[in-house]
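**Student:** Sequence and predicted structure are below.
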Amino acid sequence: MQLGTRWAVGASTPPRLPVAVVEAVTAVEAELAGMDTSQWRWTLTWLEGNPVVDLDDGTGIRYEPLTGEATIVYPEP
């Protein structure tokens with residue numbers, strides 16, 4: 001695993017992210033509209049060359065390079 005970067009909710013995503021992952025980040029952030037997420041951050045790591053994105057609340061985004069799709073994984077309640 002290789003550390004990538006962290007960025008604030010609502011800030012620009014890192015440039016190397018696949019479009020599907022950026023779209024998933026945007027979808028999650030839209031769901032959070034109206035909540036105070038001013039202290040929340042996304043964390044990007046790279047696992048075997050693929051992005052793994054996690055939000056401070058436990059929401060995760062996983063990328064499948066064979067299909068080019070990103071899956072949002074929500075934390076257990």
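**Tutor:** Arrived safely.
**Student:** in the sheet, who's paired with the most centrally placed residue in the chain?
**Tutor:** The centroid of the chain falls nearest to V53 when counting by C-alpha atoms, centre = their mean (3.7 Å). Note on V53: beta-bridge partners by DSSP bridges are L44, I61.
**Student:** got it, and V73?
**Tutor:** G60.
**Student:** number of nearby residues for it?
**Tutor:** By other C-beta atoms under 10 Å, the residues close to V73 number 11. Bear in mind the C-beta positions are built from the backbone N, C-alpha and C, glycine included.
**Student:** same question, V28
**Tutor:** Using other C-beta under 10 Å, V28 is surrounded by 19 other residues.
**Student:** Flag the shaky bits of the protein, pLDDT-wise.
**Tutor:** 1-3 (pLDDT under 70).
**Student:** just the strands in it please.
**Tutor:** 2-8, 41-47, 50-55, 60-64, 69-73 (DSSP state E).
**Student:** All set, thanks.
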